[in-house]
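S.K.: I would like the atomic coordinates for the input below:
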Amino acid sequence: MKINLFTAASLLTLGFSLASCSSNNETPTPTGAYSSGVFILNEGKFGSPTGSLSFYNRSTKTLTNDIFALENANRPLGDVFQSMTIANNKAYLVVNNSNKIEVADANTLKSVAAPITKLRLPRYMAVVGNKGYVTEWIGFGRKGQLAIFNLDNPAQKDSIPLGNLPDDILKASNNKLYVLNSNDNNIAIINPSNNTLETNVVVGDRPNGIVQDATGNIWVLCGGTPSWAGTPTNAKLVRFNPNTPTQQTTFNFTSQGAGYLSINPQGNKLYYRAAGSVFAMDITATSLPTTPLVSRRHTAFYGLGIDTDGTIYTADAMNYASAGKVFRFNAQGTLLDSMAVGIAPNGFVFK
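M.R.: Next up, the predicted model:
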């Protein structure tokens, strides 16, 4: 093929244009079989390496079970898959009773690093910069701690003592970390800039859920003390501004056991389970709702999540030994469908 000077100049200009376009594309769209959809966390049967991860593809309306094993040469995930955190295109899968965190590509689910080990009953994880913060139960009847490690070199580890059974952790917009001491009546406020415990704030007995809304307020759901654990106390929903955490607005329940606090992606509506039903509550409400959004009873309700389009996901662990179920409801609370997943589904991560 003969190329004249005009053609050569045009091709050269085109080449520079393409290079320029490529260099300006600083955030390429993630690619991979799991780049967009719903991860379903299956805890597995306690005492066995049956924890697993399922994935629901919204576009094709298809479910794939046990994707971690599928993408990693049939390697089992582990015993009691508790939680999953996505940061910097990596998925951190916290496996409680295996005392480890698996590290995988968030879009392909293929392992990208050796598991993070030397943990003691890890529960939930937050990422700040290049550091991971993981709540550790350590043991029942003992105070737990917050493990801190460098994500590039997990062997570099530190810790902060916490209360009894530290559980869920919220990275708030003020760059502080809020940790639920789930077997106490308080939350710990951590400053990650110097890795110190600033204070413990009393909220209510047995806090089990924490979210931050669109206005910046933090909400903590406390399940209350059941009669078998001591003097009974009722559940509470507590709201506070992170700048003044001791100045709180409290919504009182008339019984124990409220849990599974969630918030929609817009940050203006709360969801939780109480008295066997799912309730929705605007963040501007002045009292607790009395009419449930979803009143369907589950054999063993074990998880709640709200998708980006308002679809409500609930998890039923069934018998904790065989396939559990996930039920999907539209934003108005009408059942859409259900699907069989792994053993003891306990939560959701939406992408």
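S.K.: which residues of the stretch 101-250 of the chain fall in strands?
M.R.: 111-116, 122-128, 131-136, 143-150, 153-164, 166-171, 177-181, 186-191, 196-202, 207-212, 218-222, 236-240, 248-252 (DSSP state E, counting those that start in this stretch).
S.K.: gap between the closest residue to N164 other than its chain neighbours and W137?
M.R.: The shortest distance from N164 to any non-neighbouring residue, by C-beta to C-beta, 6 or more residues apart in numbering, is to N183 (3.7 Å). From N, CA and C alone the C-beta is placed, and that goes for glycine too. Distance of N183 to W137, given as C-beta to C-beta, to the nearest Å: 9 Å.
S.K.: which neighbours do the two have in common?
M.R.: By C-beta atoms under 8 Å, 6 or more residues apart in numbering, N183 and W137 have these common neighbours: L165.
S.K.: residue ranges with poor pLDDT in the protein?
M.R.: Confidence mapping of the chain against pLDDT under 70 gives the ranges 1-30.
S.K.: where do the helices of it begin and end?
M.R.: Using DSSP state H, the helices of the chain run over 5-24, 67-71.
S.K.: now the terminal residues of stretch 305-316, how far apart.
M.R.: Its start and end residues considered, stretch 305-316 measures 12 Å (C-alpha to C-alpha, to the nearest Å).
S.K.: gap between the nearest residue to I190 once chain neighbours are set aside and N208?
M.R.: Spatially, and ignoring its direct neighbours in sequence, I190 is nearest to L177 (4.0 Å; C-beta to C-beta, 6+ apart). In this structure, L177 and N208 are 17 Å apart, going by C-beta to C-beta.
S.K.: isn't V179 right up against I187?
M.R.: Yes. At 6.2 Å, V179 counts as touching I187 under the criterion of C-beta atoms under 8 Å.
S.K.: quick one: the strands in the stretch 251-351 of the chain, in order.
M.R.: Ranges of strands within the stretch 251-351 of the chain are 259-263, 269-274, 277-282, 301-306, 312-316, 323-329, 335-343, 345-350, based on DSSP E, counting those that start in this stretch.
S.K.: pipe these into a markdown table and attach mean neighbour count per row.
M.R.: Below are the strands of the stretch 251-351 of the chain laid out as a markdown table (neighbours: other C-beta atoms under 10 Å):
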| stretch | mean neighbour count |
| --- | --- |
| strand 259-263 | 21 |
| strand 269-274 | 23 |
| strand 277-282 | 18 |
| strand 301-306 | 21 |
| strand 312-316 | 24 |
| strand 323-329 | 20 |
| strand 335-343 | 17 |
| strand 345-350 | 22 |
